[in-house]
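Colleague: Sequence and predicted structure are below.
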Amino acid sequence: MDLVASVLDGNRLALARLLTQVENNTPGGRAALSGLFAYTGRAHLVGVTGAPGTGKSSLVNQLAHYYRSLSEWRNSQQAPRIAIVAVDPSSPFTGGAILGDRVRMRDLAGDPGIFIRSMASRGSLGGLARSTSGIVQALDAAGFDLILIETVGAGQAEIDIARLAHTTLVIEAPGLGDDIQAIKAGILEIADVLVVNKADRPGVESTERALRGMLQLAHPAPRVFQNHHLMETIFTLNKSVDAGSESASEQLLWIPPIQRTIATEGNGIPELADIIEKHYLYLLKSGEWLQRERYRLKAELDLLLQETLVARWRSSVSEERYGQVLQSLVERELSPWEAVTDLTAGGGS
Amino acid sequence: MSDSMYERRPRVLIAKPGLDGHDRGAKVVARALRDAGMEIIYTGLRQTPEMIAEAALQEDVDVVGLSILSGAHMALLPRIFELLESNGQEDVKVFVGGIIPDEDVPRLLEMGVVGVYGPGTLTDDIARDIRLALRAQADSTPSA
């Protein structure tokens, strides 16, 4: 049986080997992903990001554990199958990495409905690895219902996860910054759900207050469905989502809720899972699910185009000519812009 | 895009089976192998053979490194080999570190352990042995 068929058949070793090939961008991996692509687009992708030490891995562990304990989920009479992709940083010097997220996920061992894969960021700066989207596609095709994607410990600018995931959880912990941090651009803006973990620590009120203040000051503008009457829309959202009504003609607005958790003890986890479900319904009703899908695939397409075109162009320019232009740059004979014009206009030689 | 993003790097699972709660050695080795450019999946303390084999499978590792200080190595290793094999991962290289009596070393090697490292081992030697074992494997099986 070939790789694609084995993965679709639920063979875990085949899946693990495919993930390695995807991670290393081998021709076999690319071919298998192409074969599997038609089977993707079904999983709910949930991103988990936040600063190092806020408890992302523990939270992912507890969420996965909770989902697996359910006797029904969405339209199914069984618990969802969960895949976890956990990214940790590569050393910028040696390229090596210690992937330690499994340490917090030992409760999940022995459950065939769970598949955990660790990966190194390999020089990517956006909080994910370049091949994370491919890894997620493979897991999606393999039939996992929910894919939890844990980013590297992220600060303010590692926001690739918002492009990849349908639902992004941003994890905060008490004592990590004042309210000026909360109004800066970046990671807080991408949150669909804000989680204040370690809620048993002192300072949890002020952290939550700062986040709430940030949300009230300004809801980030380009988040698709804006509406004039803020309070009314929140009300509409709660009503229509809770009642499951079909009056989707009303425009919906999602205000990121704030949920307190204590991941090590499981406190707040059912409530968090509930919010994720609400967000899922919101995405479907508002049309944002499809919109995000389109945006994600566009980003993927653009990146692949860039890589392919650059690689193709690079193979048409001799090492020598490239070196000459670089040298002119170093000697300040050419500006970087002029160098690019020079290299791209001349083509070969 | 730079090639390093897609480079095949050795993937090594470092696990600590058994009930003793001392993982300093495992961490030192993990760190040294990281510095040797490998990707280390670190699983932490008190792993059962089943947990180790499951992690090795999901992570598709090339190497499993076990730190064993409890004296239970003669019981743990056959079970781990059995599970790796039943998962289709008989090609995974297994290394053992920790407190292993001299007379047990040949028996472990006979079982299929590639290297046994006691206190005082240079971490560079472990990294070198791993690379050699993987290279020998790559030479004997044409890559897919």
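Modeller: Everything's here; your move.

Colleague: Checking residue 80 next. Helix, strand or coil?
Modeller: Picked chain A for this. Secondary structure, DSSP: H, G, I helix; E, B strand; the rest coil: A:Pro80 is coil.

Colleague: Kindly state the pLDDT recorded for it?
Modeller: Turning to A:Pro80, the model gives it a pLDDT of 97.

Colleague: And for it, nearest residue in space, chain neighbours not counted?
Modeller: Spatial nearest neighbour of A:Pro80, chain neighbours left out: A:Asp145 (3.7 Å); criterion: C-beta to C-beta, 6 or more residues apart in numbering or on different chains. To be clear about C-beta, it is placed using only N, CA and C from the backbone, and glycine gets the same treatment.

Colleague: what does A:Pro256 give?
Modeller: A:Ala191 (4.9 Å).

Colleague: I'd like to know how many residues surround that neighbour.
Modeller: By the criterion of other C-beta atoms under 10 Å in any protein chain shown, A:Ala191 has 25 neighbours.

Colleague: wait, isn't it in contact with A:Leu169?
Modeller: Yes. Under the contact definition of C-beta atoms under 8 Å, A:Ala191 touches A:Leu169, with a separation of 7.1 Å.

Colleague: Against which helices or strands is the helix or strand encompassing A:Ile98 packed?
Modeller: Assigned by DSSP states H and E, A:Ile98 belongs to strand A:97-99. Counting by 3 or more C-beta pairs under 8 Å, 6 or more residues apart in numbering or on different chains; DSSP states H and E, the packing neighbours recorded for strand A:97-99 are strand A:82-88, strand A:114-120, helix B:24-35, strand B:39-42.

Colleague: By neighbour count, which bits of the third one are buried? Give me those.
Modeller: Translated: helix B:24-35. Buried residues in helix B:24-35, defined by neighbour count with 16 or more other C-beta atoms under 10 Å in any protein chain shown: B:25-27, B:29-34.

Colleague: which ones are touching A:Arg12?
Modeller: A:Arg12 makes contacts with A:115, B:57-58, as judged by C-beta atoms under 8 Å, 6 or more residues apart in numbering or on different chains.

Colleague: The longest helix along chain B close to chain A?
Modeller: Longest helix in chain B by number of residues (criterion: DSSP state H): helix B:123-140. No. Helix B:123-140 stays out of contact with chain A when judged by C-beta under 8 Å from any C-beta of the partner chain, the minimum separation being 9.8 Å.

Colleague: and that helix, C-alpha only, in PDB?
Modeller: What follows is helix B:123-140, C-alpha atoms only, in PDB (Å, rounded to 0.1, in the frame of the first residue of the first chain):
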ATOM      1  CA  THR B 123      29.000  13.600  25.500                       C
ATOM      2  CA  ASP B 124      30.900  14.200  22.200                       C
ATOM      3  CA  ASP B 125      31.500  10.400  22.100                       C
ATOM      4  CA  ILE B 126      27.700   9.800  22.300                       C
ATOM      5  CA  ALA B 127      27.000  12.300  19.500                       C
ATOM      6  CA  ARG B 128      29.700  10.700  17.400                       C
ATOM      7  CA  ASP B 129      28.400   7.200  17.900                       C
ATOM      8  CA  ILE B 130      24.900   8.200  17.000                       C
ATOM      9  CA  ARG B 131      26.100   9.800  13.800                       C
ATOM     10  CA  LEU B 132      28.100   6.700  12.900                       C
ATOM     11  CA  ALA B 133      25.200   4.400  13.600                       C
ATOM     12  CA  LEU B 134      22.900   6.400  11.400                       C
ATOM     13  CA  ARG B 135      25.400   6.800   8.700                       C
ATOM     14  CA  ALA B 136      26.000   3.000   8.600                       C
ATOM     15  CA  GLN B 137      22.200   2.500   8.400                       C
ATOM     16  CA  ALA B 138      21.900   5.100   5.600                       C
ATOM     17  CA  ASP B 139      24.600   3.400   3.600                       C
ATOM     18  CA  SER B 140      23.000   0.000   4.000                       C
END
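
Colleague: Just give me how far the helix or strand of chain B with the lowest mean pLDDT sits from the chain centre.
Modeller: Within chain B, no helix or strand scores below helix B:123-140, which has a mean of 90 by mean pLDDT, DSSP states H and E. Between the centre of helix B:123-140 and the centre of its chain there are 12 Å (C-alpha atoms, centre = their mean, to the nearest Å).

Colleague: Tell me which residues touch A:Asp140, please.
Modeller: Taking C-beta under 8 Å, 6+ apart, one finds A:39-43, A:45, A:147 in contact with A:Asp140.

Colleague: Which residues of chain A lie near chain B?
Modeller: Near chain B, when you scan chain A using C-beta under 8 Å from any C-beta, you find A:12-13, A:16-17, A:19-20, A:23-25, A:28, A:90-91, A:94-100, A:102-103, A:106, A:109-110, A:115-118, A:120, A:122-124, A:129-131, A:307, A:310-311.
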